[in-house]
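Asks: test case, fold it:
(one chain, ligands or ions: 1)
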Amino acid sequence: MTMPTLMWFRRDLRLHDNPALNMAIANAADEGDNQVVALFVIDPEVFDEAGQPLKAYQNASLTSLNKSLGGNLLIQYGDPLKVVPEIAKNIGTKFVHIAEDFEPYGRQRDIAVEKELAKINISLTRTGSPYAVAPLRVTKDDGTAYRVFTPFYRSWFKHGWRKPAQLPKTLPNWYLPIKSQPLPEVNAVIPIPEAGEENALNLFEIFMKNAINNYDEHRNRPDLAGTSKLSIALRFGEIHPRTLLINLNDTKDQETFRKEICWREFYAEVLANAPESETKSLDQKWELMGWDQEADYLNRLKIWQEGKTGFPIVDAGMRQLKESGWMHNRVRMIVASFLVKDLHIHWRHGAQWFMKHLLDGDIASNSHGWQWTAGCGTDASPYYRIFNPMMQAEKFDPQANYVRTWIPELRHLTGISAHTPWDQTDGYLHGYPERMLDHSEERDETLRRYKASKGEKDIKERFAQ
Ligand SMILES: Cc1cc2nc3c(=O)[nH]c(=O)nc-3n(C[C@H](O)[C@H](O)[C@H](O)COP(=O)(O)OP(=O)(O)OC[C@H]3O[C@@H](n4cnc5c(N)ncnc54)[C@H](O)[C@@H]3O)c2cc1C
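Replies: Numbers count the residues shown, from 1 in each chain. Next up is the predicted model:
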């Protein structure tokens with residue numbers, strides 16, 4: 001008796017360079033009838049928590065994948081623990097194929113699904129992952145995990161990666177055993193960028209043509225189109241990092257781009273080794289820092305979220321996030337530093353807001369990007385490094401074009417004066433808010449709290465949340 005094979009798509013919404021899919025296709029050919037069922041499960045545990053922009057982008061990406069599969073993507077709602085074994089059993093397969101997931105929830109879910117499948121004699125095969133080098137492969141000589149980026153990068157690079165996996169020339173018959181359920185209705189809230197594998201490849205091509213040659217210098221400039229904007233496609237697996245890496249040479253710009261891709265892999269590695277660092281500081285002593293209490297900070301948190309702090313570069317970033325679902329990396333660091341070191345709010349609250357609004361929201365890069373800035377994660381920016389929003393703005397947005405793009409109330413100010421409305425006679429003409437705090441006072445306060453949290457024995461009772 002012949003039987004189809006089940007390919008369960010998750011964060012790999014593409015056909016090319018997809019080793020798990022290739023394995024499912026090979027398996028289907030070996031089993032004789034060449035039929036593959038392509039499944040995507042909308043898991044309420046994940047979906048209900050996600051922000052509207054991310055849900056809307058997922059719909060667009062699934063629509064694109066469905067098109068590539070000739071309309072044969074099987075969408076099902078429910079707990080994968082039930083849905084996957086049920087579909088597998090109904091189609092009479094013995095094989096379910098996935099790319100390995102290393103995030104805390106996904107890893108546990110896959111172990112649980114594997115157990116359920118085993119009860120009915122069906123195997124779960126993990127092939128490949130969303131990374132060039134799967135987490136937990138690159139370790140120090142003594143077998144322990146890296147916590148510092150530069151040595152990790154050296155080992156990661158030395159370890160190397162396989163060439164992109166070629167999609168077989170002869171595709172299987174995509175088989176839709178039951179009617180697919182419709183995609184959920186989502187109120188997108190923001191304009192959703194073009195999604196899908198083809199678009200990701202185009203984005204990469206445009207980046208390699210227009211921006212890579214100045215990447216090392218321009219990647220820090222939010223006023224320029226100096227980065228790839230591939231984070232969303234990588235988040236959904238519309239493109240695999242290997243497809244990017246194979247096209248890079250050793251020039252400084254391309255080496256820097258390779259390093260940025262490696263940061264994504266590094267953070268996945270760190271999270272896989274310390275799953276609790278999704279919400280808790282990797283360096284646990286910072287949990288005892290003098291973070292403000294909720295009753296005190298709620299109003300200030302809201303002002304930050306709405307982009308009304310009165311610091312133009314911070315507000316521009318927060319508005320870019322809310323209005324477009326993406327924020328430039330340099331500005332992510334500036335707004336994160338502001339929340340943690342000017343407002344004294346735990347990084348977790350900023351990370352949560354980011355996850356609700358980012359289209360590229362990724363637990364590893366987000367939680368550890370926040371911790372890097374806060375000074376409590378890996379290889380951290382030291383606690384005494386506190387971003388000065390004015391200096392950052394002048395250095396990285398030298399004509400204030402970025403600020404004017406996102407803050408209409410400051411568009412009447414020419415050149416760099418938009419960074420300092422407080423110094424202009426007409427700075428507040430169109431209702432831009434005044435600064436909510438004095439940066440140098442809050443800087444001193446942060447340093448005071450850091451010192452206290454390191455030195456005082458009763459810190460736990462006084463400051464712990
Ligand atoms: C507080 C904070 C939160 C962040 N949250 C996320 C997140 O949720 N999802 C996310 O993908 N990135 C996150 N980043 C990292 C970074 O800001 C984005 O990856 C980058 O801005 C995406 O734009 P790009 O694709 O044009 O980047 P490019 O400069 O073109 O870089 C290419 C790719 O390298 C990776 N990359 C680049 N910089 C970093 C970095 N610092 N850390 C990890 N990977 C990196 C991304 O996959 C990116 O797409 C965060 C950074 C900070 C400081």
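
Asks: and the nearest residue to residue 218 once chain neighbours are set aside, how many neighbours does it have?
Replies: Closest residue in space to residue 218, ignoring its immediate chain neighbours: residue 226 at 3.0 Å, by CB to CB, 6 or more residues apart in numbering. Using the backbone N, CA and C atoms, a C-beta is placed for each residue, glycine as well. Other residues lying near residue 226 total 20 when counted by other CB atoms under 10 Å.

Asks: enumerate every residue touching residue 226.
Replies: Residues in contact with residue 226 (CB atoms under 8 Å, 6 or more residues apart in numbering) are 211, 214, 215, 217, 218, 219, 220.

Asks: so where's this structure uncertain?
Replies: 1-2, 32, 379-381, 454-465 (pLDDT under 70).

Asks: can you do 50?
Replies: 455-465 (pLDDT under 50).

Asks: and it, what are its domains?
Replies: Domain assignment for the chain by automatic domain parsing gives 5-129, 130-165+197-273, 278-463.

Asks: and the shortest one, end to end?
Replies: When you say that, I think you mean domain 130-165+197-273. 16 Å (CA to CA, to the nearest Å).

Asks: so is that domain next to the ligand?
Replies: Yes: against the ligand, domain 130-165+197-273 shows contacts by CB under 6 Å from any ligand atom at 219, 227-231, 234-235, 260-261, 263-264, 267.

Asks: out of the residues you listed, list just those in helices.
Replies: Judged by DSSP state H, the residues of domain 130-165+197-273 next to the ligand include 231, 234, 235, 260, 261, 263, 264, 267 as members of helices.

Asks: list the contacts of whichever residue of the chain sits closest to the ligand.
Replies: Distance from the ligand to each residue of the chain (CB to the nearest ligand atom) is smallest for residue 369, at 2.7 Å. Contacts for residue 369 were tallied using CB under 8 Å, 6+ apart; they are 267, 332, 333, 336.

Asks: near the ligand, which residues of this protein are found?
Replies: With CB under 6 Å from any ligand atom as the criterion, the chain meets the ligand at residues 219, 227-231, 234-235, 260-261, 263-264, 267, 329, 332-333, 336, 354, 358, 360-362, 365-366, 369-370, 373.

Asks: out of the residues you listed, which are buried?
Replies: Neighbour counting over the residues of the chain next to the ligand (16 or more other CB atoms under 10 Å) leaves 219, 227-231, 234-235, 260-261, 263-264, 267, 332-333, 336, 354, 358, 360-362, 365-366, 369-370, 373 as the buried ones.

Asks: next up, the contacts around the nearest residue to residue 348 once chain neighbours are set aside.
Replies: In this structure, residue 348 finds its nearest non-sequential neighbour in residue 279, 5.4 Å apart by CB to CB, 6+ apart. By CB under 8 Å, 6+ apart, the residues touching residue 279 are 348, 351, 367.

Asks: from the chain's centroid, how far away is the helix or strand hosting the last one?
Replies: Counting by DSSP states H and E, the element that carries residue 367 is helix 363-374. In this view, helix 363-374 has its centroid 10 Å away from the chain centroid, taken as CA atoms, centre = their mean, to the nearest Å.

Asks: got it, and stretch 308-320?
Replies: Between the centre of stretch 308-320 and the centre of its chain there are 21 Å (CA atoms, centre = their mean).

Asks: ok, stretch 257-271 next?
Replies: In terms of CA atoms, centre = their mean, the centre of stretch 257-271 is found 11 Å from the chain centre.

Asks: export that stretch as PDB, just CAs?
Replies: Presented in PDB, the C-alpha positions along stretch 257-271 are these (Å, rounded to 0.1, in the frame of the first residue of the first chain):
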ATOM      1  CA  PHE A 257      26.800  41.600   6.900                       C
ATOM      2  CA  ARG A 258      27.900  38.000   7.600                       C
ATOM      3  CA  LYS A 259      28.500  39.000  11.200                       C
ATOM      4  CA  GLU A 260      25.000  40.500  11.500                       C
ATOM      5  CA  ILE A 261      23.500  37.200  10.300                       C
ATOM      6  CA  CYS A 262      25.700  35.500  12.900                       C
ATOM      7  CA  TRP A 263      24.200  37.700  15.700                       C
ATOM      8  CA  ARG A 264      20.900  36.100  14.900                       C
ATOM      9  CA  GLU A 265      22.400  32.700  15.200                       C
ATOM     10  CA  PHE A 266      24.300  33.600  18.300                       C
ATOM     11  CA  TYR A 267      21.200  34.700  20.100                       C
ATOM     12  CA  ALA A 268      19.400  31.600  19.100                       C
ATOM     13  CA  GLU A 269      22.300  29.600  20.500                       C
ATOM     14  CA  VAL A 270      22.100  31.500  23.800                       C
ATOM     15  CA  LEU A 271      18.400  31.100  24.100                       C
END
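
Asks: tell me how many other residues surround residue 281.
Replies: By other CB under 10 Å, neighbour count at residue 281 equals 23.

Asks: let me redo that: residue 392
Replies: 21.

Asks: before we move on, what about residue 210?
Replies: 11.

Asks: contacts only, for the residue nearest the centre of the chain.
Replies: Geometric centre of the chain, nearest residue: residue 362, 2.7 Å, by CA atoms, centre = their mean. Listed by CB under 8 Å, 6+ apart, the contact partners of residue 362 are 231, 235, 264.
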